[in-house]
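Chemist: no letters, just coordinates:
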């Protein structure tokens, strides 16, 4: 799979731009603040229907404009498809495939990419919500329809927490008969959606671990052992788990204690966990059990990366996680490689790790890289280079004619 053409209209700092892309390594080169990341942000949006930089679509629209259009042509095998997104201020975004109106979520079935950006350092150094988002976004990339389960779960948590908060405010620790019945309904839905998410996260981590070990080894070439562990509020198998579990050497990177548990057992444990914390939930007026409260712990050699690893080790782990996921998606795909996007990654790596990274991903059907300085990019590879300056494509040999896809 690869992108063959990208057309931007009123996207970020681009008024109009048409960019043609080839197979193999693609390089967008330009000083900081010129618009390189805006290009890969547009490409990545078709994978997840969200930006990796901002939570809402408003900042994606060029300042002063109320209509933004992004079109992208994708080649998968011998089939070429045209994808389009249109943003209008104050209205829902609209989508088209080959000129036919579709629901925006349908776009994700036609394009897959894996993006690594400097913001991804937060996966290993940031708060638990960032790590949960990494897991859930990866799941949706593998199974696009799972986005509906995540939305339904979030809505249940919101409604259930509102009911608990209301009980706390109006009559401490109690609910009327009708509201108790409603809480039972929310409990049932929370258990249903929550255990689905737990099961998918467990499956993802179990599948990801072999790729993570290989990716980290390929990057750093040492005997460090990467580890992942889930701490789940809805599980009864992890009493007292904390980040110090890594220090005690108790982590189980094979995940046999998690991945081999049936859905029925998950639901039974989840229900019991809700009962055990019911009094505390009334006391605090919020939902305390569920995947929105779970944590992914990331370790190296039985030590948590967060708080123990150096900046270089943290950066390598974050990059290895994304490369591992890209390789997992690649092996599972029936439509070709995902498009691999690396935003300003070489600037943070020494010469050896730059070469090792390029060797690890050099056979992908298409790699899209951004860099501020050409010297940061390994020169032992032919790059299809597009120069960017002030929101304009300034390399005529790599830009397409203005116009429709």
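Modeler: Arrived safely, thanks for sending. These numbers come from a predicted model, not from an experiment.

Chemist: would you mind measuring from the residue nearest to residue 54 when sequence neighbours are not counted to residue 87?
Modeler: Distances taken as C-beta to C-beta, 6 or more residues apart in numbering put residue 60 closest to residue 54, at 7.3 Å, once the chain neighbours are dropped. Yep, even glycine has a C-beta here, placed from its N, CA and C like the rest. Distance, residue 60 to residue 87, by C-beta to C-beta, to the nearest Å: 6 Å.

Chemist: on that earlier part again, for the residue nearest to residue 54, the count of nearby residues, please.
Modeler: Per other C-beta atoms under 10 Å, the neighbour tally for residue 60 reads 21.

Chemist: tell me the mean pLDDT over the lengthiest helix in the chain?
Modeler: The longest helix of the chain (DSSP state H) is helix 177-220. For helix 177-220, mean pLDDT is 92.

Chemist: packing partners for it?
Modeler: When contacts are defined as 3 or more C-beta pairs under 8 Å, 6 or more residues apart in numbering; DSSP states H and E, helix 177-220 packs onto helix 128-142, helix 146-170, strand 226-231, helix 256-259, helix 263-276, helix 311-332, helix 351-361.

Chemist: elements contacting the strand or helix carrying residue 367?
Modeler: Secondary structure from DSSP states H and E places residue 367 in strand 366-371. Contact here means 3+ C-beta pairs under 8 Å, 6+ apart; on that basis strand 366-371 packs against strand 2-11, strand 24-29, helix 36-48, strand 339-343.

Chemist: most tightly surrounded among those?
Modeler: Ranked by mean neighbour count, the helices and strands packed on strand 366-371 are led by strand 339-343 with a mean of 25 (mean count of other C-beta atoms under 10 Å).

Chemist: for residue 89, give its distance to residue 206.
Modeler: 44 Å.

Chemist: those two - which one has more neighbours?
Modeler: Counted by other C-beta under 10 Å, residue 89 and residue 206 do not tie: residue 206 has more neighbours, with 17 against 11.

Chemist: in the protein, which helix or strand is least confident?
Modeler: The helix or strand of the chain with the lowest confidence, counting by mean pLDDT, DSSP states H and E, is helix 244-247 at a mean of 49.

Chemist: before we move on, the earlier item: mind listing what the strand holding residue 367 pairs with, with the direction of each?
Modeler: strand 24-29 (parallel), strand 339-343 (parallel) (DSSP bridges).

Chemist: correct me if wrong: residue 386 contacts residue 28.
Modeler: Yes - taking C-beta atoms under 8 Å as the definition, residue 386 is a contact partner of residue 28 at 5.3 Å.

Chemist: picking up where we left off before, which neighbours do residue 60 and residue 87 have in common?
Modeler: Taking C-beta atoms under 8 Å, 6 or more residues apart in numbering as the criterion, residue 60 and residue 87 both touch residue 68.

Chemist: grab the nearest non-local neighbour of residue 326.
Modeler: Take residue 326 and drop its neighbours on the chain: the residue closest to it by C-beta to C-beta, 6+ apart is residue 114, 4.0 Å away.
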